[in-house]
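**Student:** Generate coordinates for the sequence data below:
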Amino acid sequence: MHTISLIIHVIAAAILFGPQLLMFYAVTPATWMVENEALKRDLVKVIAGRFAQLSVVAIVVLLVTGLYQYYAIIPAEIRDHPQDYRFGMLFAAKMGGFTLILVLIGLHVVLFARKIARLSDAVLAGDEEQRGALEAARTQSFMFSLILLLVTLATLALGVALGDNVYSFEPR
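**Tutor:** Okay, here's the model as predicted:
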């Protein structure tokens, strides 16, 4: 069961990271070529909605399998005194990274997604003066996504280090 849990955990991490990379590297730049604002908005809405569904499922699976692994796989001695092992530092950093990912996703929705939708509505309603603000918001969103992508990558790296029991279970 431990191996199955680990496999599912790694797949969920890949499902969380892979679409972020695809959105940043391919999808968002591809939408820059779409000049029709209504088409661009509809396209991004569908893609972002599916991305959000995948992300929610991946996050729930990561939490469930991570909790299982912590209580079923990590030796009690290490759970009881994590600061005595490399595990403690790695685990704290990984959980901090995971929490930061959740915060950044929430901030992205609040700071950018809603603003972009509002500005897009204005442009579609004929307010061309908002087009510059819309493009600026999209650029800011793209740069923010880079930060999220890098935090996710760092958290994945910490997870790999944590999963190396020879390294992480070493006393400090």
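**Student:** Show me the shaky parts of this structure.
**Tutor:** Applying pLDDT under 70 to the chain picks out no residues at all.
**Student:** longest helix anywhere in it?
**Tutor:** helix 37-72 (DSSP state H).
**Student:** which helices and strands sit right next to it?
**Tutor:** The elements that helix 37-72 packs onto, with contact taken as 3 or more CB pairs under 8 Å, 6 or more residues apart in numbering; DSSP states H and E, are helix 2-22, helix 28-31, helix 86-108, helix 114-124. For every residue, glycine as well, the C-beta is placed using N, CA and C.
**Student:** can you rerun that using 7 Å?
**Tutor:** helix 2-22, helix 28-31, helix 114-124 (3 or more CB pairs under 7 Å, 6 or more residues apart in numbering; DSSP states H and E).
**Student:** buried set for it?
**Tutor:** By 16 or more other CB atoms under 10 Å, the buried positions in helix 37-72 come out as 40-41, 44, 47, 51, 54-55, 58-59, 61-62, 65-66, 68-69.
**Student:** dump the residue contacts of Pro82.
**Tutor:** Going by CB atoms under 7 Å, 6 or more residues apart in numbering, Pro82 touches Gly88, Phe91.
**Student:** repeat that for 10 Å
**Tutor:** If a contact means CB atoms under 10 Å, 6 or more residues apart in numbering, then Pro82 has Ile74, Gly88, Met89, Leu90, Phe91, Ala92, Arg172 as its contacts.
**Student:** tell me the secondary structure for the residue of the chain positioned farthest from its centre?
**Tutor:** Taking CA atoms, centre = their mean, the residue of the chain most remote from its mean C-alpha position is Gly126, at 34.5 Å. Classification of Gly126 into helix, strand or coil gives coil, according to DSSP: H, G, I helix; E, B strand; the rest coil.
**Student:** Would you mind measuring from it to Glu37?
**Tutor:** 11 Å (CB to CB, to the nearest Å).
**Student:** Likewise for Thr3?
**Tutor:** 49 Å.
**Student:** Quick check: Leu39 touching Thr31?
**Tutor:** Yes: Leu39 lies in contact with Thr31 (CB atoms under 10 Å); the separation is 9.3 Å.
**Student:** burial of the residue lying closest to Ile73 once chain neighbours are set aside, as a residue count?
**Tutor:** Nearest in space to Ile73, with sequence neighbours left out and distances taken as CB to CB, 6 or more residues apart in numbering, is His2 at 5.3 Å. The burial count assigned to His2 is 10, neighbours taken as other CB atoms under 10 Å.
**Student:** what residues are up against His2?
**Tutor:** Tyr68, Gln69, Ala72, Ile73.
**Student:** out of these, who's nearest Met143?
**Tutor:** Distance from Met143 was checked for each of these by CB to CB. The minimum falls on Gln69, at 34.0 Å.
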